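> Here's a sequence, model it:
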Amino acid sequence: MTGNETSSTDHGAASSPDAPGGPHGPAASRQSKITEFGADQPQHEAPPVGFAALLGVLGVVYGDIGTSPLYALRSTIEVVSGHHPIQNSEILGIESLIFWTLVIVVTVKYVLLVMRADHNGEGGILALTSLAQRVTTDTRMRIIIGLVGIVGACLFFGDGIITPAISVLSAIEGVEVSLPGAHDFVIPMAIAVIIGLFSVQWLGTGKVGAIFGPVMLLWFGSLGLMGFLEVMHHPGVLLAISPLYAILFVFHHGTVSFMALGSVVLCVTGAEALYADMGHFGRQPIRYAWLFFVLPMLVLNYFGQGALVMSDPTALANPFFMLAPQAMQVPLVILATFATVIASQAGISGGFQVCRQLIQLGYLPRMRIVHTNAEEEGQIYLPDFNRFLMVGALLLVVAFRSSDALAAAYGIAVTGTFICTTGLCFIVFRKHFHWSAQAVYATFIPLMLIDAIFFSANALKIPDGGWVPLMLGCVLTLMMTTWKRGRSLIIARQGQDSLPMGSFIARLPQSRTIRVPGMAVFLTATPDFVPPCLLHNLKHNKVLHDHVLFVTIQNLDQPEADRGHRVLVEELAHDIYRVVLSYGFMETPNIPRALEDLKANGVDFDPTQASFFISRELIARSSVPKMARWRMALFMFMARNATPATEFFRIPMDRVVELGVKVAI
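Numbers count the residues shown, from 1 in each chain. Coordinates of the predicted model:
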């Protein structure tokens with residue numbers, strides 16, 4: 001299957017280097033007939049803010065951040081108590097740091113600011129990247145912005161691997177509170193839960209989504225109730241609402257407070273999910289759920305844990321589970337396990353979405369994408385990526401063996417993504433929302449400073465596990481840039497060796513080519529050039545079908561194609577058409593279904609009768625290679641393991657003709 005390099009069109013489109021899409025959009029001025037039609041994706045409308053919407057938000061969006069009380073406060077206190085016995089004033093300082101981190105990072109930054117920057121209703125680091133690129137004209141700056149988005153996405157993958165491991169471990173470790181002898185069973189139980197979690201992904205989140213919301217409603221209610229009861233016994237902990245305690249803690253503890261910030265940030269893990277899932281639920285349900293339910297419940301629980309430790313220092317062993325009465329600790333462990341599985345599910349589903357976006361944008365080779373819901377486009381399952389996440393999570397559980405040890409690896413991925421998001425916001429709010437430079441700097445420089453401090457604090461933990469997400473991010477970034485570069489070189493080489501479409505059409509009436517009955521669909525990456533598979537078909541079979549379609553997939557730098565602009569069809573000659581199918585990075589191409597819309601333009605397309613011609617690239621190293629040998633080997637490995645084009649574009653296998661084409665790069 002041929003590919004194409006990313007480029008901009010008048011509509012801000014970007015073609016995927018791994019799809020039959022071309023670097024050149026259809027020309028603005030042509031003499032032949034051009035028609036646009038065939039929208040099959042509705043435009044985003046704001047979902048109603050009803051109870052069902054709020055329940056869905058609880059079940060999907062807030063699972064990760066909702067399970068942070070299991071380990072965030074305990075990890076932070078252990079950092080301080082490891083240097084000297086913990087004092088009540090220090091607990092108040094830590095509680096104040098957690099409270100204001102939730103307020104500033106989640107409420108102010110994400111809920112009030114970042115969530116304003118939606119791209120056709122969609123959120124997430126890649127949507128923000130596309131929005132920033134659309135308002136940037138400088139080519140070099142667009143490349144830098146794209147790299148920032150890719151790094152953020154890679155760190156998001158690291159978060160997606162660590163979240164199931166640390167969440168499941170922290171929940172099952174609660175068994176030790178009631179049954180100290182169960183320590184040896186924690187790792188096997190965590191492994192079993194993780195394997196079970198990833199093994200049912202093929203069912204789709206829709207199959208089990210009905211119980212997510214009610215379970216998380218019970219979970220957050222339990223968090224708030226346990227914390228409230230303890231705060232009522234020791235209301236002095238509420239003094240931590242004053243930022244003065246956080247300031248005094250930092251002032252008096254210096255290096256120790258800086259180290260503690262590396263654990264404080266664990267209370268906002270999952271904040272990126274608020275933005276990433278905005279396209280599924282809308283801005284308002286996420287905001288309302290956070291401001292009026294999730295945030296109060298989290299604050300009550302954190303303050304309750306702090307009050308418990310202040311009154312009973314022995315509760316430091318596991319303050320979360322010790323908040324519950326003895327008789328309720330085992331049921332709480334069961335509920336916590338369900339909650340962590342749901343939190344992990346949200347991260348896994350988000351990883352599926354980001355992976356598909358990267359495939360559509362041309363940064364990853366094709367992978368098999370299974371739609372688990374016939375009506376919901378967003379419910380997908382990627383078997384290969386699912387196995388990658390599962391193996392990664394299992395390796396982390398076996399290697400780190402406790403949630404406290406794994407917390408060292410968690411913060412780097414989270415804070416790295418925070419920095420990428422804030423950096424992109426400088427551009428979006430200045431050029432897209434037209435904020436003044438002073439307003440942008442006054443708003444985002446302090447937020448960037450906070451993100452940088454959190455990242456630096458977690459950088460101290462690189463030797464203890466922070467290297468894991470950094471290494472993963474570097475490897476994935478290298479793979480993505482290598483794939484992008486390789487596909488670009490292939491397209492450039494094919495452009496040099498191909499025959500211009502205009503010349504072919506002009507000479508066709510004078511040629512002695514035999515026309516045979518039927519319809520042939522030629523997939524091509526470059527719509528302005530004759531696809532190699534057609535030239536090889538003429539060379540070997542000496543025939544051309546009566547009806548010919550040259551089909552190009554054009555991937556847009558927006559979530560979905562605009563209504564009425566899915567299909568662009570141009571008649572080049574009698575019964576010979578050029579067709580450009582546009583897809584956003586949140587959509588999965590389906591070529592036969594899209595081509596059925598050609599009937600509205602008088603082109604009688606029958607997918608059961610058409611023959612699809614595809615070029616199978618045989619990549620070789622040129623005499624003057626443009627890639628290093630090791631990078632070339634990596635690219636060829638990725639190419640060999642890519643999902644076949646027929647499966648990715650949902651083309652019937654019994655209608656496909658593949659012709660080998662040697663490409664030297």
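> Could you pull up the residues touching residue 202?
The contact partners of residue 202, by C-beta atoms under 8 Å, 6 or more residues apart in numbering, come to 370, 372, 381, 383, 386. For glycine as for every other residue, the C-beta is placed from the backbone atoms N, C-alpha and C.
> ok, those residues vs residue 172, which is closest?
When these are compared for distance to residue 172 (C-beta to C-beta), residue 386 wins out at 21.8 Å.
> so where do the strands sit in the stretch 351-500 of the chain?
370-371, 380-381 (DSSP state E, counting those that start in this stretch).
> Go through those strands and pick out the most buried.
Compared across the strands of the stretch 351-500 of the chain, strand 380-381 shows the largest average neighbour count, a mean of 20 (mean count of other C-beta atoms under 10 Å).
> Quick check: neighbours of that strand in the sheet, parallel or antiparallel?
strand 370-371 (antiparallel) (DSSP bridges).
> Figure out how far the strand it pairs with is from the centre of its chain.
17 Å (C-alpha atoms, centre = their mean, to the nearest Å).
> again with stretch 475-488
Here stretch 475-488 is found 17 Å from its chain centre; the criterion is C-alpha atoms, centre = their mean.
> got the buried residues for that stretch?
476, 477, 479, 480, 482, 483, 484, 485, 486, 487, 488 (16 or more other C-beta atoms under 10 Å).
> Return the subset of those residues lying in helices.
Assignment to helices by DSSP state H places the following of the buried residues of stretch 475-488 there: 476, 477, 479, 480, 482, 483, 484, 485, 486, 487, 488.
> which of those residues lies closest to residue 550?
Nearest to residue 550, judged by C-beta to C-beta, of those is residue 487 at 19.6 Å.
> Quick check, that closest one in contact with residue 362.
Yes - using C-beta atoms under 8 Å, residue 487 is in contact with residue 362, at 6.3 Å.
> Where do the strands of this protein begin and end?
In the chain, the strands defined using DSSP state E lie at 34-37, 370-371, 380-381, 514-523, 543-555, 567-573, 576-583, 611-620, 656-664.
> What pairs with the longest one, parallel or antiparallel?
Spelled out, that is strand 543-555. Counting by DSSP bridges, the strands paired with strand 543-555 are strand 514-523 (parallel), strand 576-583 (parallel).
> Comparing those, which comes out most buried?
Most buried of the strands paired with strand 543-555, by mean neighbour count (mean count of other C-beta under 10 Å): strand 576-583, with a mean of 24.
> what residues does that strand touch?
Applying C-beta under 8 Å, 6+ apart, the contact partners of strand 576-583 are 13, 25-26, 360, 501, 505, 508, 527, 547-556, 560-561, 565-572, 589, 591, 594-595, 598, 603.
> and if you look at stretch 127-140?
Outside stretch 127-140, the residues that touch it by C-beta under 8 Å, 6+ apart are 12, 114, 117-119, 142, 145-146, 148-149, 152, 275, 279, 421, 424-425, 427-428, 431-432, 557-559, 585.
> if you set the cut-off to 7 Å instead, what comes out?
Residues outside stretch 127-140 that contact it (C-beta atoms under 7 Å, 6 or more residues apart in numbering) are 12, 117, 119, 142, 145-146, 148-149, 421, 424, 427-428, 431-432, 557-559.
> so where's the stretch 201-350 of the chain uncertain?
Confidence mapping of the stretch 201-350 of the chain against pLDDT under 70 gives the ranges 204-211, 279-280, 346.
> repeat that for 80
Applying pLDDT under 80 to the stretch 201-350 of the chain picks out residues 201-213, 273, 276-282, 341-350.
> which residue is nearest the middle of the chain?
Nearest to the mean C-alpha position of the chain, by C-alpha atoms, centre = their mean, lies residue 354 at 2.6 Å.
> my guess is that one meets residue 156, correct?
Yes - applying C-beta atoms under 7 Å, one finds residue 354 in contact with residue 156, separated by 5.8 Å.
> list the buried ones in stretch 651-661?
Within stretch 651-661, the residues scored as buried using 16+ other C-beta under 10 Å are 651, 656, 659, 661.
> Show residues contacting it.
Stretch 651-661 has contacts (C-beta under 7 Å, 6+ apart) with 532-533, 536-537, 591-592, 607, 610-618, 646.
> Do you have the helices of the stretch 151-300 of the chain handy? List them.
Ranges of helices within the stretch 151-300 of the chain are 175-178, 186-199, 205-233, 243-253, 255-264, 271-276, 278-281, 283-289, 295-311, based on DSSP state H, counting those that start in this stretch.
> Can you name every helix or strand that the fourth one contacts?
This means helix 243-253. helix 88-101 (3 or more C-beta pairs under 7 Å, 6 or more residues apart in numbering; DSSP states H and E).
> Name the residues of the helix it packs on that come out as buried.
Buried positions in helix 88-101, judged by neighbour count with 16+ other C-beta under 10 Å: 88, 90-101.
> next one: stretch 529-542
By 16+ other C-beta under 10 Å, the buried positions in stretch 529-542 come out as 529, 530, 531, 532, 533, 534, 535, 536, 537, 538.
> Also stretch 565-574?
565, 566, 567, 568, 569, 570, 571, 572.
> Which one of those residues is nearest to residue 391?
Within these, proximity to residue 391 (C-beta to C-beta) peaks at residue 566, which comes in at 37.5 Å.
> which residues does residue 332 contact?
Applying C-beta under 7 Å, 6+ apart, we find residue 332 in contact with 174, 321, 324.
> Look at the last one and say how many residues are nearby.
What it means is residue 324. The burial count assigned to residue 324 is 21, neighbours taken as other C-beta atoms under 10 Å.
> which ones are touching it?
Residue 324 touches 226, 332, counting by C-beta under 7 Å, 6+ apart.
> And residue 147, how far from residue 363?
Between residue 147 and residue 363 the distance is 11 Å, computed by C-beta to C-beta, to the nearest Å.
> An error on my part: the question was meant for residue 401.
Going from residue 401 to residue 363 by C-beta to C-beta gives 34 Å.
> Residue 544 now?
Note on residue 544: its distance to residue 363, by C-beta to C-beta, is 36 Å.
> which one of those two has more residues nearby?
More neighbours surround residue 363 than the other of residue 544 and residue 363, with 28 against 18 (other C-beta under 10 Å).
> could the strands paired with strand 543-555 go into TSV alongside mean pLDDT and distance to residue 633?
Shown next, in TSV, are these (pLDDT from 0 to 100; distance: least, C-beta to C-beta, whole Å):
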stretch	mean pLDDT	distance to residue 633
strand 514-523	89	27
strand 576-583	90	31
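> between these, which one is nearest to residue 81?
Between the strands paired with strand 543-555, strand 576-583 lies closest to residue 81; by C-beta to C-beta that is 53.8 Å.
> Angles on the backbone of the residue lying closest to residue 499 once chain neighbours are set aside, please.
Leaving aside its chain neighbours, residue 499 sits nearest to residue 530 (4.5 Å; criterion: C-beta to C-beta, 6 or more residues apart in numbering). Main-chain torsions, residue 530, degrees, to the nearest 10: phi -70, psi 130.
> ok, back up a step: in CSV, list the strands paired with strand 543-555 along with distance to residue 391.
Formatted as CSV, these follow (distance: least, C-beta to C-beta, whole Å):
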stretch, distance to residue 391
strand 514-523, 33
strand 576-583, 30
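> Go through the buried residues of stretch 475-488 and name the one nearest residue 665.
For the buried residues of stretch 475-488, the nearest to residue 665 is residue 486 (6.9 Å; C-beta to C-beta).
> Pick out the shakiest of the strands of the chain, pLDDT-wise.
Note on the strands of the chain: lowest mean pLDDT is at strand 34-37, with a mean of 50.
> about what we covered before: please produce a PyMOL select command covering the buried subset of the contacts of stretch 651-661.
Entered in PyMOL, the line below selects the buried ones among these, by 16+ other C-beta under 10 Å:
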select buried, resi 532+533+536+537+591+592+607+610+612+613+614+615+617+646
